[in-house]
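Student: give me a 3D structure for the following:
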Amino acid sequence: MDWARAQAALESAWRHNDAFSDYGTDPAACVPGHTLGSDGRPGECPQSVGLLQIRYPFHPSAFENNNAINSTAYNADYVYAWWRACYEGDLTWLNTVERGREYAAGDALGCIGVHNAGRWYTDQALAYVDRLRIEYYNLRYWRQDFFPPAMPR
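Tutor: Below you'll find the predicted structure:
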């Protein structure tokens, strides 16, 4: 449970409704309802949203009926359903793309890294897991007096 708390703290400071990130310039990658420039960033739009930052270009089905945008519970359920599939060994396609080692079931932190990087044990995935562990999990960030200000991304 604390890993989920740490991940939500890192991704959104536990603030679902105003948590948009991963800004980019591709209009096809914009979170539904957020066109280029509509969020005050000229030529850019958010690609990720919510408590655990579901990324629209990689998970468009999560945005049907705006579920990933409007529901904190759905956002968390969706992310951890993917995590569970990864943990159970169902994401065998991870062995067909760039990776740092062979994908295998039963690696909880490896699956958390996939959430951020979309790949297994790449430098990006490892950096994300290290940051999550060091800055959020080990310090129990959500228990600190200063929590929950939005953290810079």
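Student: can you map out the helices along this structure?
Tutor: Assignment of helices within the chain using DSSP state H yields the ranges 2-12, 67-70, 72-88, 108-117, 123-131.
Student: now render those helices as JSON lines, adding distance to Ile54.
Tutor: Yep, even glycine has a C-beta here, placed from its N, CA and C like the rest. Below are these laid out as JSON lines (distance: least, Cβ to Cβ, whole Å):
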{"stretch": "helix 2-12", "distance to Ile54": "10"}
{"stretch": "helix 67-70", "distance to Ile54": "4"}
{"stretch": "helix 72-88", "distance to Ile54": "6"}
{"stretch": "helix 108-117", "distance to Ile54": "9"}
{"stretch": "helix 123-131", "distance to Ile54": "15"}
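Student: out of those helices, which is closest to Ala28?
Tutor: In terms of Cβ to Cβ, the element of the helices of the chain nearest to Ala28 is helix 67-70, at 16.7 Å.
Student: got the contact list for the closest one?
Tutor: Contacts of helix 67-70 with the rest of the structure, by Cβ atoms under 8 Å, 6 or more residues apart in numbering, involve 31-33, 49-50, 54, 56, 59, 62-63, 74-75, 78.
Student: tell me how far it lies from the chain's centre.
Tutor: Using Cα atoms, centre = their mean, to the nearest Å, we find the averaged C-alpha position of helix 67-70 to lie 14 Å away from the chain's own average C-alpha position.
Student: can you check stretch 74-92 too?
Tutor: What separates the centre of stretch 74-92 from the centre of its chain is 12 Å, taken as Cα atoms, centre = their mean.
Student: likewise for stretch 48-60?
Tutor: 7 Å.
Student: what's the answer for stretch 85-99, then?
Tutor: Averaged C-alpha coordinates place stretch 85-99 at 17 Å from its chain's average position (Cα atoms, centre = their mean).
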